[in-house]
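Trainee: sequence first, predicted coordinates after that:
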Amino acid sequence: MSDSFIYTTPLDERSQPLIEALTWEYSTRYGNYFGDPGAEMSRYPAELFAPPDGNFVLLVRDGVAIGGGAFKRYDEHTAELKRIWTHADLRRQGLARKVVEELEAQALRQGYSKIYLTTGFRQPEATQLYLRTGYTALFDVTVDPEIYKHLAFEKRIGAPAVPAAAVNAASHATASAA
């Protein structure tokens, strides 16, 4: 039993278990509270989750997607995590944490220095995951989360990657000054 990450797209047929399961989960947790749950899954075009501004990853075991997630550009320095998912039969094994950590590392490699994300108020396990992995809640955690509807979090992930051209220009300027 070997787990691996595959970078792909939400349009890849291997992504369909993630899309279908998230749609079902949104339906069962929220009904039509936020509108049509299927509309949420098609709200963002797949291109937003593609390099250079985004990415989409599946955690695969024995050829089957068991987890996944994505990020897209939020602003110049911030990636926004979306679609974090773990197969319902495999929860509470640290798989979502692995997906989040992989996405954070990839966002850092793509030049981001901060992560932003939201989760729904009926997803307490997601709230706990983000708090346990170093995210700062951008809401008052002592009040009923339903008043916020969407619970926002952020996390600094390090200095952004410096483009090679900037490194070369800086070292050239240093050498010229010497």
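Mentor: Done, it's in. Numbering: from 1, shown residues only.
Trainee: which residues in the protein form helices?
Mentor: Applying DSSP state H to the chain gives helices spanning 16-30, 37-41, 95-109, 124-132, 164-177.
Trainee: so which of those helices is the most packed in?
Mentor: helix 95-109 (a mean of 19; mean count of other C-beta atoms under 10 Å). C-beta here means a position set from N, CA and C on the backbone, and glycine is covered the same way.
Trainee: ok, back up a step: Y148: which of the helices of the chain is closest?
Mentor: helix 124-132 (10.8 Å; C-beta to C-beta).
Trainee: any chance you could list what contacts the closest one?
Mentor: If you take C-beta atoms under 8 Å, 6 or more residues apart in numbering as the criterion, helix 124-132 is touched by 84, 91, 96-97, 100, 117, 119-120, 137, 141, 145, 151, 153, 155.
Trainee: can you rerun that using 6 Å?
Mentor: By C-beta atoms under 6 Å, 6 or more residues apart in numbering, the surrounding residues in contact with helix 124-132 are 96, 119, 151, 153.
Trainee: and the angle for that helix with helix 95-109?
Mentor: Calculated by axes from the mean of the first three to the mean of the last three C-alpha atoms, to 10 degrees, helix 124-132 forms an angle of 50 degrees with helix 95-109.
Trainee: output helix 124-132 as PDB - backbone C-alpha positions only.
Mentor: Taking Å, rounded to 0.1, in the frame of the first residue of the first chain, the C-alpha atoms of helix 124-132 are listed here in PDB:
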ATOM      1  CA  PRO A 124     -15.900  21.300  12.400                       C
ATOM      2  CA  GLU A 125     -13.300  18.600  11.500                       C
ATOM      3  CA  ALA A 126     -11.900  21.000   8.800                       C
ATOM      4  CA  THR A 127     -11.800  23.800  11.300                       C
ATOM      5  CA  GLN A 128      -9.900  21.600  13.700                       C
ATOM      6  CA  LEU A 129      -7.500  20.500  10.900                       C
ATOM      7  CA  TYR A 130      -6.600  24.100  10.000                       C
ATOM      8  CA  LEU A 131      -6.200  25.200  13.600                       C
ATOM      9  CA  ARG A 132      -3.900  22.100  14.400                       C
END
